[in-house]
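In: Any chance you could fold what I've pasted below:
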Amino acid sequence: MTALRPVHVVACSLWEAERRIVLDQRIQKAKADKAQALQTAAGEISNFYKQREEKLNKTKTTNRYVQLLSHIFGQVCV
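Out: Reported below is the predicted structural model:
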(Lines give C-alpha, C1' and ligand atoms only; values in the text may rest on other atoms or scores of the structure.)
Protein backbone atom coordinates (compact mmCIF):
# COMPACT_ATOMS: atom_id res chain seq x y z
CA MET A 1 0.00 0.00 0.00
CA THR A 2 1.41 3.40 -0.97
CA ALA A 3 1.50 6.14 1.58
CA LEU A 4 0.08 9.47 0.57
CA ARG A 5 2.53 12.32 0.66
CA PRO A 6 1.51 15.29 2.73
CA VAL A 7 0.17 18.27 0.78
CA HIS A 8 3.03 20.55 1.85
CA VAL A 9 5.59 18.16 0.29
CA VAL A 10 3.77 18.25 -3.06
CA ALA A 11 3.39 22.04 -2.91
CA CYS A 12 7.04 22.39 -2.00
CA SER A 13 8.06 20.18 -4.92
CA LEU A 14 5.94 22.26 -7.29
CA TRP A 15 7.43 25.46 -5.92
CA GLU A 16 10.95 24.07 -6.33
CA ALA A 17 10.23 23.09 -9.94
CA GLU A 18 8.79 26.52 -10.73
CA ARG A 19 11.70 28.20 -8.95
CA ARG A 20 14.18 26.16 -10.98
CA ILE A 21 12.46 27.29 -14.20
CA VAL A 22 12.53 30.94 -13.09
CA LEU A 23 16.21 30.72 -12.15
CA ASP A 24 17.07 29.02 -15.46
CA GLN A 25 15.29 31.81 -17.32
CA ARG A 26 17.23 34.43 -15.34
CA ILE A 27 20.51 32.65 -16.10
CA GLN A 28 19.70 32.58 -19.82
CA LYS A 29 18.75 36.27 -19.77
CA ALA A 30 21.95 37.15 -17.89
CA LYS A 31 24.04 35.24 -20.44
CA ALA A 32 22.29 36.99 -23.33
CA ASP A 33 22.74 40.40 -21.66
CA LYS A 34 26.42 39.68 -21.05
CA ALA A 35 26.97 38.62 -24.67
CA GLN A 36 25.23 41.80 -25.87
CA ALA A 37 27.32 43.95 -23.52
CA LEU A 38 30.53 42.31 -24.74
CA GLN A 39 29.53 42.86 -28.36
CA THR A 40 28.68 46.51 -27.69
CA ALA A 41 31.94 47.04 -25.79
CA ALA A 42 33.97 45.46 -28.60
CA GLY A 43 32.33 47.80 -31.11
CA GLU A 44 32.96 50.84 -28.93
CA ILE A 45 36.61 49.92 -28.39
CA SER A 46 37.09 49.36 -32.10
CA ASN A 47 35.54 52.75 -32.82
CA PHE A 48 37.70 54.39 -30.15
CA TYR A 49 40.92 53.02 -31.63
CA LYS A 50 39.83 54.01 -35.14
CA GLN A 51 39.13 57.59 -34.05
CA ARG A 52 42.36 57.68 -32.05
CA GLU A 53 44.40 56.55 -35.06
CA GLU A 54 42.72 59.17 -37.27
CA LYS A 55 43.42 61.90 -34.72
CA LEU A 56 47.05 60.85 -34.31
CA ASN A 57 47.58 60.79 -38.07
CA LYS A 58 46.02 64.23 -38.44
CA THR A 59 48.17 65.64 -35.63
CA LYS A 60 51.28 64.00 -37.06
CA THR A 61 50.59 65.50 -40.50
CA THR A 62 49.92 68.93 -39.01
CA ASN A 63 53.12 68.78 -36.97
CA ARG A 64 55.13 67.82 -40.04
CA TYR A 65 53.78 70.81 -41.96
CA VAL A 66 54.50 73.16 -39.05
CA GLN A 67 58.02 71.78 -38.74
CA LEU A 68 58.61 72.10 -42.49
CA LEU A 69 57.32 75.67 -42.58
CA SER A 70 59.36 76.65 -39.53
CA HIS A 71 62.43 75.16 -41.16
CA ILE A 72 61.78 77.05 -44.40
CA PHE A 73 60.90 80.39 -42.80
CA GLY A 74 63.06 80.07 -39.69
CA GLN A 75 60.22 80.68 -37.28
CA VAL A 76 57.37 78.79 -35.70
CA CYS A 77 54.18 79.03 -37.75
CA VAL A 78 51.07 78.03 -35.94
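In: alpha carbons only for contacts and neighbour counts from here, please
Out: OK.
In: Quick one: distance of the helix or strand hosting Arg52 to the chain centre.
Out: Arg52 belongs to helix 7-73 when elements are defined using DSSP states H and E. Here the centre of helix 7-73 is set off from its chain's centre by 2 Å, with Cα atoms, centre = their mean, to the nearest Å.
In: For that helix, the averaged confidence score.
Out: The predicted model gives helix 7-73 an average pLDDT of 93.
In: For Lys60, grab the count of nearby residues.
Out: By the criterion of other Cα atoms under 10 Å, Lys60 has 12 neighbours.
In: swap in Thr40?
Out: 12.
In: cool, Phe73 as well?
Out: Burial measure for Phe73: 10 neighbouring residues, criterion other Cα under 10 Å.
In: Look up how far Lys55 lies from it.
Out: Counting by Cα to Cα, to the nearest Å, the gap between Phe73 and Lys55 amounts to 27 Å.
In: Over to Gln67?
Out: Gln67 sits 18 Å away from Lys55 when distances are taken as Cα to Cα.
In: Compare the two and say which is more crowded by neighbours.
Out: Neighbour comparison, Gln67 and Lys55: the larger count goes to Gln67, with 17 against 12 (by other Cα under 10 Å).
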